[in-house]
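> Generate coordinates for the sequence data below:
(2 chains)
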Amino acid sequence: MNYTEFLLWVRGPAFHFATAILVLGLTLRFLEMLFLGSPRQYAAVRSNGIAGGIRTVISRFAPPEPGVFQRSWFIIVAGYLFHLGFFISFFLFAPHIILLKSLLGVSWPGLPAPVINIITIISLFAMITLLINRWYYPVLRFLSDFEDYLSWTLAFLPLFTGYLAFHHIWLPYPLMLALHILSVEILMIVLPFTKLIHTFTFIIARWTNGARAAQKGVQV
Amino acid sequence: MSAATFARGYQALKENIDISIAAYFQSCVHCGMCADACLFYTETNDPKYTPIHKLAPLRKVWEQEYTLLGRLKVWLGLAQPLKDEELAEWKEYIYDSCTLCGRCSMVCPVGNDLVYMIRKAREGMAAAGHAPAGLIGATTRAIQIGSPMGLKWLALQTQIKHVENDTGLTIPIDQVGAEFLVLMSAMEIINFPEYLAAVAKIMKHVGKTWTISTEAFEATNSGIQIGASDIAKELVSRIVKAAEKLQVKTVISPECGHAYMAIRWEGPNLMGRYFKFQVKHILEVLDEFRDQGKLKTDGIFETARLTYHDPCQIARRGGVIEQPRNLLKLIARNFVEMADHGKMNWCCGGGGGVSAIDEAHELRTKVFNRKKNQLQELKVEKLVTACANCRIIIEEGFEAYQMELPIIGLTEMVAEHLVEK
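Numbering: from 1, shown residues only, chains lettered A, B, ... in the order given. As a prediction, this is how the structure comes out:
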């Protein structure tokens, strides 16, 4: 298999396989979760919790209160930079938009490549500092397990290989591009079965927490 | 409650897992922010007190019972099922070092309600026989005698006589058709009978009918603290029966954090039905009186620089946040807030039953350092709160840290400022 054949393979059968696993995996994980049900609320609530649930889903994107920020500022700043960089380079890089248009049928304006380049560098740098922090900070060293490092690696590789492919560094472009696509496919396959699934489940987590608190009259 | 066994504990953990818990475990990315929100970590710097770590046994049960991958891991020998020894080891995390304060649930970036899970995990721990002896004792006394501190009606009756003698007011007992049923916490009966005197004075002032029940005067619920829903339900049902028998409109939860959570929020769910009466915290009732213009203050304001300690179950987990502030503004000129207050307040260190756990005494004294620092930063001359348990814990903390600061219950303070009618 030469570079071109490899690239065609990752773009074709491998991509279809990864998409199928992602969809089936997410379906399985959500069904596992939804079948557990939720206890009924009999207490006289102060609000039905719907607005509060939605508010918490949104409000936890915002920086926390000063007291919380002060104590956890590093993880918050680096976490923001990584997540924002990841999503901006994924959704607003022109070649990605073309690919997404072919899949979803809709498109949107992208950012200039040099801007994406800088954002990717910032995001990669944030990820590296997050990894160092995971080793260095006692709480994170204590909590971290194989899955944490696996998740980090799988999120890092698409950004890293994308950066290398964009700059034509290290390996021939078709091979690097194929590796970039492959790294995304591995991420898609593994996502439903690891904590990377928080990409989707955070909505349920924030929603239930926010709704229950709002029923008691507290905005969390 | 049948005999505690590991099988029962495991079953209880399994049964308590719902959609939200599954979403919480799947969403956790081990960012560690919950540690920074927990005073057991901030005051010890020991990572083992990180809130999400306290939930490792529950996570194991979720993963191995409710996920295909988790089952596969056990089947292939890649993961070990939960063992009784693990639960025994986790007693320190699920009970001794968690006051159910819920501060961690406020900061989690993915939105996990960690304390909701700790509360559920306690169900498994109690059923497996790994609850602390202090809480088992309190729960046994609550069921057998009627109060976690072993107080019988006679004890309250004696205090009622004292209060009646001191105030010249009559404390109504078992009055059918009264508007309010007033509950007490054991701590108030023993240590702070002035609460009862304050309620009597306020009720006379506003001209409302109220009563104490001889059958259900104890508001606290050890069943919830220990994590035994069957016991918690029995304790709640005593209050429900009395309230319905006396046909009251409203049951007033006393100056006690977890009692409010138990009867107001968990109570109807434990009973599996809606209540025919309302449940309000005393501060909610007082704030309503204020709002209706029924509280006529004497115009003499507290001039001391004072602050208010929010009991976690009343504020963060109960939704009574503005009411104490409204009341304080009515009677105090120099009320200042701690840097973290209201829904972000720091726990006193003794909530969630921790105050009843002997072996947790040293640890909770250590973590009281957080509250001590908060108060010292503020340089206040008086501390106001609305929970008898917080009050005792804070007083003990002051003693341990050789600090002097008068503490008063807000109900009592309000009563002191009313004009005599």
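
> Mind splitting chain B into its structural domains?
B:6-131, B:135-291, B:306-416 (automatic domain parsing).

> What is the longest helix along chain B packed up against?
If you go by DSSP state H, chain B has its longest helix at helix B:229-245. Helices and strands touching helix B:229-245, by 3 or more CB pairs under 8 Å, 6 or more residues apart in numbering or on different chains; DSSP states H and E, are helix B:133-144, strand B:180-182, helix B:222-226, helix B:267-271. Where C-beta positions appear, they are placed from N, C-alpha and C, glycine not excepted.

> Now do the helix or strand following it, average pLDDT.
Counting by DSSP states H and E, the next helix or strand C-terminal to helix B:229-245 is strand B:250-253. Looking at strand B:250-253 alone, the average pLDDT works out to 98.

> quick one: contacts of strand B:250-253?
When contacts are defined by CB atoms under 8 Å, 6 or more residues apart in numbering or on different chains, strand B:250-253 is touched by residues B:179-183, B:199, B:210, B:219, B:239, B:243, B:259-260, B:263-264, B:277-282, B:285.

> Mind doing that once more with 7 Å?
B:179-183, B:219, B:239, B:243, B:259-260, B:263-264, B:277-282, B:285 (CB atoms under 7 Å, 6 or more residues apart in numbering or on different chains).

> same check, this time on stretch B:393-412
Stretch B:393-412 has contacts (CB under 7 Å, 6+ apart) with B:192, B:194-195, B:198-199, B:255, B:282-283, B:286, B:309, B:324, B:327, B:348-350, B:355, B:365, B:368, B:371-372, B:375, B:380, B:382-386, B:391.

> which helix is the longest one in chain A?
Assignment by DSSP H gives helix A:66-91 as the longest helix of chain A.

> quick one: the very next helix or strand once past that one to helix A:66-91, angle?
Scanning forward in sequence from helix A:66-91 by DSSP H and E, the next helix or strand is helix A:94-104. Angle of helix A:94-104 versus helix A:66-91, following axes from the mean of the first three to the mean of the last three CA atoms, to 10 degrees, is 80 degrees.

> Just give the number of residues close to residue 125.
Unless you meant another one, I'm taking chain A. 14 (other CB atoms under 10 Å in any protein chain shown).

> meant chain B actually
28.

> Could you find the closest non-adjacent residue to residue 21?
Let's take chain A. Leaving aside its chain neighbours, A:Ile21 sits nearest to A:Ile189 (4.6 Å; criterion: CB to CB, 6 or more residues apart in numbering or on different chains).

> meant chain B actually
With sequence-adjacent residues excluded and distances taken as CB to CB, 6+ apart, B:Ile21 is closest to B:Met117, at 5.7 Å.

> and the residue at the greatest distance from the centre of chain B, how far is that from B:Gly70?
Distance from the C-alpha centroid of chain B, by CA atoms, centre = their mean, peaks at B:Leu76 (43.5 Å). To B:Gly70, B:Leu76 is 11 Å away according to CB to CB, to the nearest Å.

> Now the closest residue to A:Ser89 other than its chain neighbours: which helix or strand?
Distance criterion CB to CB, 6+ apart; nearest residue to A:Ser89, sequence neighbours excluded, is A:Thr120 at 4.9 Å. Using DSSP H and E, A:Thr120 sits in helix A:113-136.

> gap between the closest residue to B:Phe335 other than its chain neighbours and B:Phe25?
Excluding its sequence neighbours, the residue lying closest to B:Phe335 (CB to CB, 6+ apart) is B:Leu328, at 4.8 Å. Using CB to CB, one gets 41 Å for the distance from B:Leu328 to B:Phe25.

> if we can go back for a sec, buried among the contacts of stretch B:393-412? Need that as a selection in PyMOL.
To isolate the buried subset of these in PyMOL, counting by 16 or more other CB atoms under 10 Å in any protein chain shown, use the following:
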select buried, chain B and resi 192+194+195+198+199+255+282+283+286+309+324+327+348+349+350+355+365+368+371+372+375+380+382+383+384+385+386+391
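
> got the contact list for stretch B:258-265?
Stretch B:258-265 has contacts (CB under 7 Å, 6+ apart) with A:43, A:216, B:183, B:185, B:219-221, B:224-225, B:232, B:236, B:239, B:251, B:253, B:279, B:281, B:313-314, B:317-318, B:351-352.

> residue contacts, whatever residue of the stretch 301-421 of chain B ends up closest to chain A?
Of all residues in the stretch 301-421 of chain B, B:Gly319 sits closest to chain A, at 3.1 Å by CB to the nearest CB. Applying CB under 7 Å, 6+ apart, we find B:Gly319 in contact with A:46, A:216-218.

> Also A:Phe156?
A:Met127.

> how distant is the one helix or strand it maps to from the center of its chain?
Following DSSP H and E, one finds A:Phe156 within helix A:146-166. How far helix A:146-166 lies from its chain's middle: 11 Å, per CA atoms, centre = their mean, to the nearest Å.

> hmm, who's touching the next helix or strand after that helix?
Using DSSP H and E, the helix or strand that follows helix A:146-166 towards the C-terminus is helix A:173-190. Counting by CB under 7 Å, 6+ apart, helix A:173-190 makes contact with A:3-4, A:6-7, A:10-11, A:14-15, A:18-19, A:21-22, A:154-155, A:157-158, A:161-162, A:164-165, A:170, A:196, all of which sit outside it.

> can we see that at 6 Å?
Helix A:173-190 is contacted from outside by A:3-4, A:6-7, A:10, A:14, A:18, A:21-22, A:154, A:157-158, A:161-162, A:164-165, using CB atoms under 6 Å, 6 or more residues apart in numbering or on different chains.

> and chain B, which residues reach chain A?
Selection of chain B residues close to chain A by CB under 6 Å from any CB of the partner chain yields B:18-20, B:22-24, B:26-27, B:29-33, B:35-36, B:47, B:50, B:66-67, B:69, B:106-107, B:109-113, B:265, B:268-269, B:273-274, B:319, B:340, B:343-344.

> ok, back up a step: ok, the residue of the stretch 301-421 of chain B closest to chain A to B:Cys312 distance?
12 Å.

> okay, now the residue nearest to B:Thr303 when sequence neighbours are not counted: neighbour count?
Sequence neighbours aside, B:Arg333 is the residue nearest to B:Thr303 in space, at 5.7 Å (criterion: CB to CB, 6+ apart). Applying other CB under 10 Å, we find 12 residues neighbouring B:Arg333.
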